[in-house]
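Novice: after the sequence you'll find the predicted model.
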Amino acid sequence: FFLNMVFTKFVEIGRVCMINYGKDEGRLCTIIDIVDQNKALVKGPKKLMKVSIQIIPFKRLNLTKFKLDIEKNASDDDIITKFKEGKIMNKWMKQSVYKKRVKHEIKRKTNDFGRFKLMNAKIAKSKLVSSKMKKMSTKSSVGKKK
């Protein structure tokens, strides 16, 4: 009698995380050491992710499904080589979390005129769809006998 494990993403050395708060929000980092039950020592590395080595609480980290095979307090070069070997960035860009963040950034950067154009495009699309649906419903009702 075996039970399936409920959790698959554990806080462990080598776990790739996304920072969800602060100046590095949205960037990936790697856990290189666990400080205590609430905090971890993470490293970007600086060259690749622009995240310097720092202690971050777990509540400000989102664990990803990616894990690097590194040792405790690994160097920047080790992390960079493992990132490239595992093609972590390519895999990350395919994740829905990344795609949602990109869409959110694009929407956040639009100005008032951009939102106005978007609203008008949605109205035009809605009118086109409703007119096509009316034509389809009238065609289907013409052929029926009462």
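Specialist: That came in fine, so what should we check first?
Novice: only C-alpha atoms for contact and neighbour calcs from this point on.
Specialist: Will do.
Novice: what comes into contact with stretch 91-102?
Specialist: For stretch 91-102, the external contacting residues (CA atoms under 8 Å, 6 or more residues apart in numbering) are Gly26.
Novice: and that stretch, what's buried?
Specialist: Neighbour-count burial for stretch 91-102 flags Trp92 (criterion: 16 or more other CA atoms under 10 Å).
Novice: equivalent analysis for stretch 63-81, please.
Specialist: Buried residues in stretch 63-81 (16+ other CA under 10 Å): Leu63, Thr64, Phe66, Lys67, Leu68, Ile70, Ala74, Asp76, Ile79, Ile80.
Novice: now, which of those lie within helices?
Specialist: Mapping those onto helices (DSSP state H) picks out Asp76, Ile79, Ile80.
Novice: could you find the closest non-adjacent residue to the first one?
Specialist: The shortest distance from Asp76 to any residue other than its chain neighbours is 5.4 Å, reached at Pro45 (CA to CA, 6 or more residues apart in numbering).
Novice: the one you found and Leu28, how far apart?
Specialist: Pro45 sits 9 Å away from Leu28, going by CA to CA, to the nearest Å.
Novice: can you list residues touching both of the two?
Specialist: Common neighbours of Pro45 and Leu28, counting by CA under 8 Å, 6+ apart, are Val51.
Novice: quick one, which of these two is more surrounded?
Specialist: For Pro45 versus Leu28, the count of surrounding residues by other CA atoms under 10 Å is larger for Leu28: 26 against 21.
Novice: just for this protein, where's the confidence low?
Specialist: Low-confidence segments of the chain, defined by pLDDT under 70: 1-3, 5, 142-146.
Novice: wait, is Ile55 part of a helix?
Specialist: No: counting by DSSP: H, G, I helix; E, B strand; the rest coil, Ile55 is not found in a helix; it is strand.
Novice: surely it and Gly44 touch.
Specialist: No: assessed by CA atoms under 8 Å, Ile55 is found out of contact with Gly44, at 11.7 Å.
Novice: who has more neighbours out of those two?
Specialist: Higher neighbour count among Ile55 and Gly44: Gly44, with 24 against 15, using other CA under 10 Å.
Novice: so how far is Asn4 from the more buried one?
Specialist: 33 Å.
Novice: report the separation between Lys125 and Asp36.
Specialist: Taken as CA to CA, the span from Lys125 to Asp36 is 54 Å.
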